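Colleague: How does the following fold in three dimensions:
(2 chains)
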Amino acid sequence: MSARWRLSTLALAAALLAGGAEAHHSFAVFFSADKDVIPLTGTVTEFHFTNPHGIIKIIVQGNGKADQDWSIETNSPSILMRRGWTKDIIKVGEVIKVQGWPARDGSNYMRLRDAARADGTPIGTKPAGTP
Amino acid sequence: MRAFRTLALAAALAALPALALAAAPTKDGHPDLSGFWDLDARVPRDAPLMKKVSPNTAVLDDTGPTEFPRGEYGGLKLKPAAKAAADAWNPQDDLTVAKVCQPPSIIYAMQGPFPIRIDQGRDIVVIRLQYYDMVRIVFTDGRGHLPASAPHTKVGDSIGHWEGDTLVVDTDHLEPSTITNNGLDHSESVHVVERFRLSPDGRTLLSTQEFEDPQTLDNRGARFIAWRKQDGQFLEPYDCDPSFALNYGAKK
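Modeller: Down below sits the predicted model:
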């Protein structure tokens, strides 16, 4: 398997899990589909539910180190609405758990794969075929 | 025996309405493509449509959520200037407040993982895309294309005609825009031919999109695109918010 083909396949797999919806910028260019998804738990400070992508901002407790601000980019809200999301589905101040693909530039920015409440209840429904 | 045959005939007749309901709808003597259609990248390529794809054409495998990484163009043969521009492309340049809400042309937009709505009349077919709230009007009244001096837009100028069960849409007057969302742009001279037909049960809209752009490519490109019909659904507004670019460090 060539490196190019493998990269393409990984990008495809990640895009499918993410439900696709590259509204404008390329997932493959900005996010690391060839790295593992990372989990984060944090307190929501902002939630923007607008196209081309939604943004969830959270503070992750540092546990003895400095707290970290993270921005999580969602799929297009046009598509998330068909999975039960609304502009009020996430509240400022609540604790959420997210998993996603980290930005290639190493910043505290990720592309959302899935999100859940603090008790593990999924936020919205996952795309078909997602485990 | 006669009673058995009568019963069998009655059963067959009773099944006819169900068969009729399962058949593709028609309007004005043509298949009726009207409805809400959600893109489904898992639909196998339609053999009759794929046979119509011209020789020397790269069929791109990036319909729906799939995207090519930087430097991959799915078999498209780029002219040297197009290759140089793609190599020099800085994706960050697209993520500015001024640019992030600019729609792509229909070449990239039609294959995106968003629904479309079609309303078919006798002389026009309206194709609305949820993606960037784009609206296409395809004239099927026999008119020709706009004069060369007419403006180019992201939806272009589309005229259509029927070939049997297939709506053939011919589009030009497109503004330069991305082909594969990774630095490769078509020119304003690009010419697109799309073919649309329904599956036998009318629940799947099958299409090919074929484009040629001698200023940019040494061969042609094509995509197979399909949508599933969903009743009782409506397009959501896209209402792109340019402040999204600020998350990528864009200057206000």
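
Colleague: Show me where the chain has its strands.
Modeller: All of this is about chain A. A:38-48, A:55-60, A:68-73, A:95-102, A:109-117 (DSSP state E).

Colleague: that's the other chain; I wanted chain B
Modeller: For chain B, the strands defined by DSSP E cover B:26-27, B:30-31, B:35-39, B:57-59, B:116-120, B:124-129, B:135-139, B:157-163, B:166-172, B:177-178, B:185-186, B:191-198, B:204-212, B:220-229.

Colleague: Tell me how many other residues crowd A:Ala28.
Modeller: Look at A:Ala28: counted by other C-beta atoms under 10 Å in any protein chain shown, it has 26 neighbours. The way it works is simple: take the backbone N, C-alpha and C, and place the C-beta from them, glycine included.

Colleague: now B:Glu175
Modeller: When neighbours are counted by other C-beta under 10 Å, B:Glu175 registers 19.

Colleague: That one touches B:Glu188, doesn't it?
Modeller: Yes - using C-beta atoms under 8 Å, B:Glu175 is in contact with B:Glu188, at 6.4 Å.

Colleague: Now do the same contact list for the closest residue to B:Lys79 other than its chain neighbours.
Modeller: Counting by C-beta to C-beta, 6 or more residues apart in numbering or on different chains, B:Lys79 lies nearest to B:Thr216, which is 5.8 Å off, once chain neighbours are set aside. Listed by C-beta atoms under 8 Å, 6 or more residues apart in numbering or on different chains, the contact partners of B:Thr216 are B:78-79, B:82, B:179, B:184-187, B:190.

Colleague: mind running it again at 6 Å?
Modeller: For B:Thr216, the contact set (C-beta atoms under 6 Å, 6 or more residues apart in numbering or on different chains) comprises B:79, B:82, B:186-187.

Colleague: I'd like the distance from it to B:Glu188, if you could.
Modeller: Using C-beta to C-beta, to the nearest Å, B:Thr216 is found at 10 Å from B:Glu188.

Colleague: Give the residue spans of the chain that score low on pLDDT.
Modeller: Reading this off chain A. Applying pLDDT under 70 to chain A flags residues A:1-24, A:34, A:126-131.

Colleague: wrong one, I was asking about chain B
Modeller: B:1-22, B:250-252.

Colleague: Can you check which of the strands of chain B gets nearest to chain A?
Modeller: For the strands of chain B, proximity to chain A was assessed by C-beta to the nearest C-beta; strand B:35-39 is nearest, at 8.1 Å.

Colleague: Sheet-wise, list the partners of the closest one with their directions.
Modeller: strand B:116-120 (antiparallel), strand B:220-229 (antiparallel) (DSSP bridges).

Colleague: Could you say which of those strands is packed most deeply?
Modeller: By mean neighbour count, with neighbours taken as mean count of other C-beta atoms under 10 Å in any protein chain shown, strand B:220-229 ranks first of the strands paired with strand B:35-39 at a mean of 22.

Colleague: quick one: which of the contacts of B:Thr216 is most hemmed in?
Modeller: Neighbour counts for the contacts of B:Thr216, by other C-beta under 10 Å, peak at B:His186, which reaches 27 neighbours.

Colleague: ok, for it, nearest residue in space, not its chain neighbours?
Modeller: Using C-beta to C-beta, 6+ apart and skipping the chain neighbours, the partner closest in space to B:His186 is B:Asp213 (4.7 Å).

Colleague: Run a quick neighbour tally on that neighbour.
Modeller: Using other C-beta under 10 Å, the number of residues around B:Asp213 comes to 23.

Colleague: any idea how far the residue nearest to B:Leu184 when sequence neighbours are not counted lies from B:Thr66?
Modeller: Nearest residue to B:Leu184, sequence neighbours excluded (C-beta to C-beta, 6+ apart): B:Ala86, at 4.8 Å. Between B:Ala86 and B:Thr66 the distance is 18 Å, computed by C-beta to C-beta.

Colleague: For chain A, what is the nearest residue in chain B?
Modeller: For chain B, C-beta to the nearest C-beta, closest residue to chain A: B:Pro65, 2.2 Å.

Colleague: quick one: that residue from B:Gln130, how far?
Modeller: 15 Å.

Colleague: Name the residues of the stretch 51-200 of chain B found near chain A, please.
Modeller: Residues of the stretch 51-200 of chain B that fall close to chain A, judged by C-beta under 6 Å from any C-beta of the partner chain: B:64-67, B:69-70, B:91, B:95, B:100, B:113, B:130, B:181-182.

Colleague: For the chain, which residue occupies the most central location?
Modeller: All of this refers to chain A. Geometric centre of chain A, nearest residue: A:Leu112, 0.8 Å, by C-alpha atoms, centre = their mean.

Colleague: oops, I was thinking of chain B
Modeller: Note: chain B centre (C-alpha atoms, centre = their mean) maps to B:Met110, 3.6 Å.

Colleague: From B:Ser158, how far off is it?
Modeller: Counting by C-beta to C-beta, the separation of B:Met110 from B:Ser158 is 11 Å.

Colleague: swap in B:Ile127?
Modeller: 8 Å.

Colleague: joint contacts of these two?
Modeller: B:Arg136.

Colleague: what touches both of B:Glu175 and B:Glu188?
Modeller: Counting by C-beta under 6 Å, 6+ apart, the shared contacts of B:Glu175 and B:Glu188 are B:His152.

Colleague: thought the residue nearest to B:Leu184 was touching B:Gly183?
Modeller: Yes - shown here, B:Ala86 and B:Gly183 form a contact pair, counting by C-beta atoms under 6 Å, at 3.8 Å.

Colleague: Neighbour count: the two, which is higher?
Modeller: B:Gly183 (24 against 19).

Colleague: number of nearby residues for the closest residue to that one other than its chain neighbours?
Modeller: Leaving aside its sequence neighbours, B:Gly183 sits nearest to B:Trp89 (C-beta to C-beta, 6+ apart; 3.1 Å). The tally of other residues near B:Trp89 (other C-beta under 10 Å) stands at 17.

Colleague: Could I get the buried residue list for stretch B:98-118?
Modeller: Using 16 or more other C-beta atoms under 10 Å in any protein chain shown as the test for burial, stretch B:98-118 gives B:100-101, B:103-118.
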